[in-house]
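S.K.: Predicted coordinates and the sequence they were generated for:
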4 protein chains.
Amino acid sequence: MGKKGDLGIAILGGTGYGAGELLRLIAAHPLAAAVSIVSSSTAGGKVADSHPQLRAINNLCFDGELNLDALSECEHGIIFSALPHATSAETIEKLLPEIEKRRLKVIDLSPDYRLRDPQAHDKFYPDSKTSPQLRAQFVYGLTELNREAIAGASFVANPGCLASAAALALAPIAKCELPAFKLRSPLVIDAKTGTSGAGLSLGANFHHAYRHASATAYKVLTHRHEPEIKEAAWGALESAPETFFVPHLLPISRGIFTTVYLTLESEVSPAAVKDLYSSFYAESPFIRLLADPPELGAVVCSNYCDIAFQVRGKQLVVMAALDNLVKGMAGVAIQNMNLICGLPEHTGLSFAAPGLI
Amino acid sequence: MGKKGDLGIAILGGTGYGAGELLRLIAAHPLAAAVSIVSSSTAGGKVADSHPQLRAINNLCFDGELNLDALSECEHGIIFSALPHATSAETIEKLLPEIEKRRLKVIDLSPDYRLRDPQAHDKFYPDSKTSPQLRAQFVYGLTELNREAIAGASFVANPGCLASAAALALAPIAKCELPAFKLRSPLVIDAKTGTSGAGLSLGANFHHAYRHASATAYKVLTHRHEPEIKEAAWGALESAPETFFVPHLLPISRGIFTTVYLTLESEVSPAAVKDLYSSFYAESPFIRLLADPPELGAVVCSNYCDIAFQVRGKQLVVMAALDNLVKGMAGVAIQNMNLICGLPEHTGLSFAAPGLI
Amino acid sequence: MGKKGDLGIAILGGTGYGAGELLRLIAAHPLAAAVSIVSSSTAGGKVADSHPQLRAINNLCFDGELNLDALSECEHGIIFSALPHATSAETIEKLLPEIEKRRLKVIDLSPDYRLRDPQAHDKFYPDSKTSPQLRAQFVYGLTELNREAIAGASFVANPGCLASAAALALAPIAKCELPAFKLRSPLVIDAKTGTSGAGLSLGANFHHAYRHASATAYKVLTHRHEPEIKEAAWGALESAPETFFVPHLLPISRGIFTTVYLTLESEVSPAAVKDLYSSFYAESPFIRLLADPPELGAVVCSNYCDIAFQVRGKQLVVMAALDNLVKGMAGVAIQNMNLICGLPEHTGLSFAAPGLI
Amino acid sequence: MGKKGDLGIAILGGTGYGAGELLRLIAAHPLAAAVSIVSSSTAGGKVADSHPQLRAINNLCFDGELNLDALSECEHGIIFSALPHATSAETIEKLLPEIEKRRLKVIDLSPDYRLRDPQAHDKFYPDSKTSPQLRAQFVYGLTELNREAIAGASFVANPGCLASAAALALAPIAKCELPAFKLRSPLVIDAKTGTSGAGLSLGANFHHAYRHASATAYKVLTHRHEPEIKEAAWGALESAPETFFVPHLLPISRGIFTTVYLTLESEVSPAAVKDLYSSFYAESPFIRLLADPPELGAVVCSNYCDIAFQVRGKQLVVMAALDNLVKGMAGVAIQNMNLICGLPEHTGLSFAAPGLI
């Protein structure tokens, strides 16, 4: 079935939290191996100095520029971009001729190519300049909702972590045509997330002493994952109902717990909701439906997303919990890589969460 | 203006988290002093052995039974019940003849006398047996919403912590008769709380190792503070709109951050909302209106409740942050005591939060 | 080289933290598979209900009694005892005839068979009754210090987590015969550990609200791992120098950070210390020598132990960091299992720590 | 006895953690009031915007320069410098003529004037330029060890937080002339501290996501508080025994827990140690001697320092716990201010810790 290194991996933006997590998952993958980890700022330095959890596991040094030849020599060559948005698109577009010539695949962890709606893109990412031609080739990479397109894609726009949790909670309802599940809008999406989602860049409000036991909300009704959620769950902004979306910052490192509040046109039984979700996610190895509210501790550091719901008359509450750096970023990127390379999507990903963290 | 000890304080149920916090606040109060701290299980033991933060500050021992005489000798005698519900009502009703004879005042931190609606009471607190006569004498103790009645009361039902945060966020809207603020129901109340709210009693899911970096929801759509919120903000269950209420458990010790999501009949300006809240809380020293989302760190360990809001068209999000053990329990109890005894409500309470915790 | 299930695993005491971690590691092991997870109190219940991180990964139910037949059918049958001490010995001794008849191997995670010195055993574990014959067959299981004996053993006494961190920091010095490294006693061992080390059993001082931001010391100069450290590093109590040992409790779930303070007879160079440790651990894949002090975050959830040191004249400080549930318990147990079964000791264990937790 | 404002307070360096804590304590002090809070970088901005816990409590704006006139109008004028070291000395020396002319008092929270030994000062603070004349006027401000000198001083060098915890644990032994307490050196000082001690300035290793559940050691055997501890406890470097000093960083915001390990020349009884410490601290209202190891939770956010010890033969372990921002910085500064102004040292400081944090 192949050997370690058949999938050659390059990472652009190798020093950040996302790159560290990708490298952890790649090290545990049976077929993938990192061949070029790019960081202009720390070129020549040891990767493990930036990611000390990888000492004795990853012995590479950072490349100043992408080593295209090393990548081309592998059976599959995959580039993950963990660059900040705008920089990511700029870099990918510059590399495009070589990418096409060498038949490499690209998975972009930045939001540069996520939004389908051009107006929404320009509003939420005004500094992200992307060519329409390349945008058209990018496939949205929330694996559970887009498997077939991803499997055939050369360019994948990896989803946002907050968007993933919300869209996974909402998709079975959004894509259901049964009248019983018709929504009365607006619906409310209340997200709670850890501090690693902010990335390495620091402000005084991310100092440990300040955050240690605090919690707050941010970008209230203005967060850019709101249109992404709508496109992910309903296919297009104009098909989606009115929403409220408020993310909250918890004093934990990892994890997203999202609660969505829906009012249906008519009363629904718990059994009907359970059937809907069970059948929707029947082929999704990383979605676990629970009878009780999820605990972040049961998913953090793993690629699982735990979902549960509660019904009261016409009211439906759906909760989803996942790790923002795994299922919300590096893990779903590996899921997508697996599909692109013709592997089962769970390859290298079905390890358990540590449980106690 | 009086001296330390003019207000004599007794506490029933002296070993729990609520009693510890009451004793901390009483120690800092210029006129109040603890005279009888009752705990049948640890009678004779030092109070500071159960509450080590009070060493060198409180040198009392636990009484096995309430010392009514000591209480009667003070200018004002106030009994705080920090007993579990049902036990609290049972104990108060047994003491009632002495309470009335000695003209003592009672502030019950349990939920035994909170709900006005008898059916809701029986549904949510089936084991709490209370006499209708005594229930009629209890005044609901969310100070900001009920000042005058509290000032003249002999019996105060101290509010629930989750109910307080939600009701303080909602009351200006709920009590507003301007058509601009007419609500389209349902509204969503998403609460996040620390683990001290659960009290001393332990389950495996409150072990530090289990909770340290986890988060979850609990009593989804079934929590007993939901009817209390409605009565507190709208005066009666039947006046209130339809609500969703879901509390979440965060891996912090103290603090409640509540986000309420409201849809109005028409668009509203931020200035109009600001005016509404500013004038509603103009005389409330512990309510601070902020331009940005509250941080729990700025209120925890203090009696302040920070409130902020965000408007988008007809959508209104209101956030409230407070400390569940202070503004949500012991602090509001002291506010109520102050009013009952004719003192300014902020007496002994206007200390700042430590900020970094 | 074999297939999943060639190593059949039974766990006695299947509901605790140690069992949960063993099951997580076994699920990721290429050759081992759980066949009987015993819990008398929850027999028939789903294992994943006690260890929710294992949902969709482990579908077994708890056995009320050890399924010896299932174990015997595997190429290797290994019993891990995660029972409390005293109960563990009692259970193992009762099962002994079947264990011997079926040539099963036993790895005891309890301290029942750890101490070699009978007086120390009786002093520190007075309720642990063990037969001298069986004690003589048990091999002490700190893999790095005892590889050969473990590889040939049928009975392994898995080491204590605090003892492991200290002994790994001390062993290169303790076992060194160079005069340069002769110690002036006493030496100081200051250990800091997370709350999962206390196990599931609860006291009020393990309530999350109480521990969330506190820290303390416990069993000061009386902890039972002190003689174990001496035996592990120096071979016998009487060969060991005088020590101070104080464990501290940190408000984290996992992790041990141990600092040892040594005074040498003469000055030593950093290079000499580095040489000593490098060569001592040259064949130990899980010991990483660092130039800077270890960070718990780089080892927690992994089987690595990071060690660093600092020299000043005759003063030597050595620091060791590891995860108490992995390298300090379940991971070292798997290392031992691998050796017993003739596998490389790192089999199934060389995954990276998540880094951010 | 006076009124709020009799003690006029100025703070240099008004935006940092130390200034925030000073302002919290001053707000609760019966006689002190802030009159000039200086910050060149945020001059004109609201103090409460930098310290949101002070909203509705402190309504001042930052001054760009010290308002000497406002200070001179108060009965006592006290300047606290919360500037970084070197900058602090430079600023104080520039203000010196006005300070002397207006008979103001200075309490410097920086380390610029702490060390008595000039060589040690130059070695550990090479960039801190101070005049010998002014150095000679500064009194070391660890209140419990230096009360009389502080009471008569115009210039106080406020002690370091790690130095305070260690010196308070060691002083009764260090200053004891009984042969029973003669020390065999070296002694070990193992300190554990929260992240607020690092101050506002950020490095990637103070990002909340990185520190959340990690722990490490830093400046191992090279920390500049080591000579300060020796001078504080033994009066002079040359009188002090050999020491090891290693600080560790815990994932908490506040708190220092220090463990010192001492070997005595002869065996000592617990009663003798208790007597020594009790009588040494008999007049110290903020030192609490405990029978059991301290819990940080019982002191954090308060001015108390809890001390306990354990004896085994000639071995003595002493533990001290305090809040680095209160007893370790702003609280001891207020103690010193009280003494300078002829007030009881506990004025405004005897509030309890919140206990649960």
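M.R.: That came through, no problem.
S.K.: ok, the closest residue to chain C within the stretch 151-300 of chain A to residue B:293 distance?
M.R.: Distances between the stretch 151-300 of chain A and chain C by C-beta to the nearest C-beta are smallest at residue A:298, namely 4.2 Å. (Each C-beta comes from the backbone N, C-alpha and C, glycine too.) Remark: distance between residue A:298 and residue B:293 (C-beta to C-beta, to the nearest Å) = 29 Å.
S.K.: Repeat that for residue A:27.
M.R.: Distance, residue A:27 to residue B:293, using C-beta to C-beta: 39 Å.
S.K.: Of those two, which one has the most company?
M.R.: Shown here are residue A:27 and residue B:293; by other C-beta atoms under 10 Å in any protein chain shown, residue B:293 has more neighbours (23 against 19).
S.K.: gap between the more buried one and residue B:276?
M.R.: Distance of residue B:293 to residue B:276, computed by C-beta to C-beta: 18 Å.
S.K.: Ok, residue A:126 next?
M.R.: Look at residue A:126 and residue B:276: by C-beta to C-beta, they are 34 Å apart.
S.K.: These two: which has the busier surroundings?
M.R.: residue B:276 (19 against 9).
S.K.: Residue A:157 against residue A:137, yeah?
M.R.: No. Assessed by C-beta atoms under 8 Å, residue A:157 is found out of contact with residue A:137, at 10.0 Å.
S.K.: For burial, what's the neighbour tally of the residue in the stretch 51-200 of chain A positioned nearest to chain C?
M.R.: Closest residue of the stretch 51-200 of chain A to chain C, C-beta to the nearest C-beta: residue A:53 (3.6 Å). The burial count assigned to residue A:53 is 27, neighbours taken as other C-beta under 10 Å.
S.K.: is it true that it lies in a helix?
M.R.: Yes. The assignment for residue A:53 is a helix, going by DSSP: H, G, I helix; E, B strand; the rest coil.
S.K.: Surely it touches residue C:297?
M.R.: Yes. With contact defined as C-beta under 8 Å, residue A:53 reaches residue C:297; the gap is 7.3 Å.
S.K.: overlap in contacts of the two?
M.R.: Listed as contacting both residue A:53 and residue C:297 by C-beta atoms under 8 Å, 6 or more residues apart in numbering or on different chains are C:353, C:355.
S.K.: Give me the secondary structure label for residue A:263.
M.R.: What three-state DSSP gives for residue A:263 is strand.
S.K.: tally of neighbours for it?
M.R.: Residues near residue A:263, counting by other C-beta under 10 Å: 19.
S.K.: same question, residue A:115
M.R.: 24.
S.K.: mind checking how far it is from chain B?
M.R.: Distance of residue A:115 to chain B, given as C-beta to the nearest C-beta, to the nearest Å: 19 Å.
S.K.: Could you check which helix or strand contains that residue?
M.R.: For residue A:115, there is no enclosing helix or strand under DSSP states H and E.
S.K.: circling back to that earlier point, tell me the backbone dihedrals of the residue of the stretch 151-300 of chain A closest to chain C, please.
M.R.: phi -80, psi -10 (degrees, to the nearest 10).
S.K.: Let's verify residue A:14: helix, strand, or coil?
M.R.: Quick answer, by three-state DSSP: residue A:14 is coil.
S.K.: what about residue A:2, how many neighbours?
M.R.: For residue A:2, the neighbour count with other C-beta under 10 Å is 14.
S.K.: right, and it touches residue A:31 too?
M.R.: Yes. Counting by C-beta under 8 Å, residue A:31 is a contact partner of residue A:2 at 4.9 Å.
S.K.: hmm, the helix or strand where residue A:48 lies touching chain C?
M.R.: Using DSSP H and E, residue A:48 sits in helix A:47-50. No. If you take C-beta under 8 Å from any C-beta of the partner chain as the test, helix A:47-50 misses chain C, and the best it gets is 9.5 Å.
S.K.: Pull out the buried residues from that helix.
M.R.: For helix A:47-50, burial by neighbour count (16 or more other C-beta atoms under 10 Å in any protein chain shown) applies to A:47, A:48, A:50.
S.K.: Need the per-residue pLDDT for residue A:205.
M.R.: Reported pLDDT at residue A:205 in the predicted model: 89.
S.K.: And residue A:202, what's its pLDDT?
M.R.: Confidence score, pLDDT, at residue A:202: 68.
S.K.: can you check residue A:184 too?
M.R.: pLDDT for residue A:184: 91.
S.K.: In a strand, it, correct?
M.R.: Yes. Under three-state DSSP, residue A:184 falls within a strand.
S.K.: all strands for the stretch 51-200 of chain A, in order.
M.R.: For the stretch 51-200 of chain A, applying DSSP state E, counting those that start in this stretch gives strands covering A:76-81, A:105-108, A:138-140, A:155-157, A:183-193.
S.K.: Worst mean pLDDT among the ones you listed?
M.R.: Across those, the lowest-scoring stretch is strand A:183-193, with a mean of 94.
S.K.: Low-confidence bits of the stretch 1-150 of chain A, can you list those?
M.R.: Along the stretch 1-150 of chain A, the model assigns pLDDT under 70 to residues A:1.
S.K.: Where do the helices of chain A begin and end?
M.R.: Ranges of helices in chain A, per DSSP state H, are A:17-27, A:47-50, A:68-72, A:87-101, A:118-124, A:132-137, A:143-151, A:161-174, A:208-211, A:225-234, A:270-280, A:331-340.
S.K.: Pull out the buried positions in the fifth one.
M.R.: Along helix A:118-124, these residues count as buried under the neighbour rule (16+ other C-beta under 10 Å): A:120, A:121, A:124.
S.K.: which residues touch the last one?
M.R.: With contacts taken as C-beta under 8 Å, 6+ apart, residue A:124 has the following neighbours: A:115, A:224, A:227.
S.K.: Can you tell me which residues in the stretch 201-350 of chain A are near chain D?
M.R.: So far as C-beta under 8 Å from any C-beta goes, the stretch 201-350 of chain A lies against chain D at A:202, A:204, A:206-213, A:251-254.
S.K.: what's the distance between stretch A:247-262 and the middle of its chain?
M.R.: Remark: stretch A:247-262 is offset 15 Å from the chain centroid, using C-alpha atoms, centre = their mean, to the nearest Å.
S.K.: quick one: is that stretch near chain B?
M.R.: Yes. Residues of stretch A:247-262 contacting chain B under C-beta under 8 Å from any C-beta: A:248, A:250, A:251, A:252, A:253, A:254, A:255, A:257, A:259, A:261.
S.K.: Mind checking which of the residues you listed are in strands?
M.R.: Secondary structure defined by DSSP state E assigns A:248, A:257, A:259, A:261 of those to strands.
S.K.: Model confidence for the second one, exactly?
M.R.: Residue A:257 carries a pLDDT value of 98.
S.K.: Tell me the most packed of the ones in strands among the residues of stretch A:247-262 next to chain B, by neighbour count.
M.R.: The most crowded member of these, judged by other C-beta under 10 Å, is residue A:257 (31 neighbours).
S.K.: From residue B:290, how far off is residue A:194?
M.R.: For residue A:194, the distance to residue B:290 - C-beta to C-beta - is 23 Å.
S.K.: so how many other residues sit close to the residue nearest to residue A:24 when sequence neighbours are not counted?
M.R.: With sequence-adjacent residues excluded and distances taken as C-beta to C-beta, 6 or more residues apart in numbering or on different chains, residue A:24 is closest to residue C:352, at 4.6 Å. Neighbour count for residue C:352, taken as other C-beta under 10 Å: 26.
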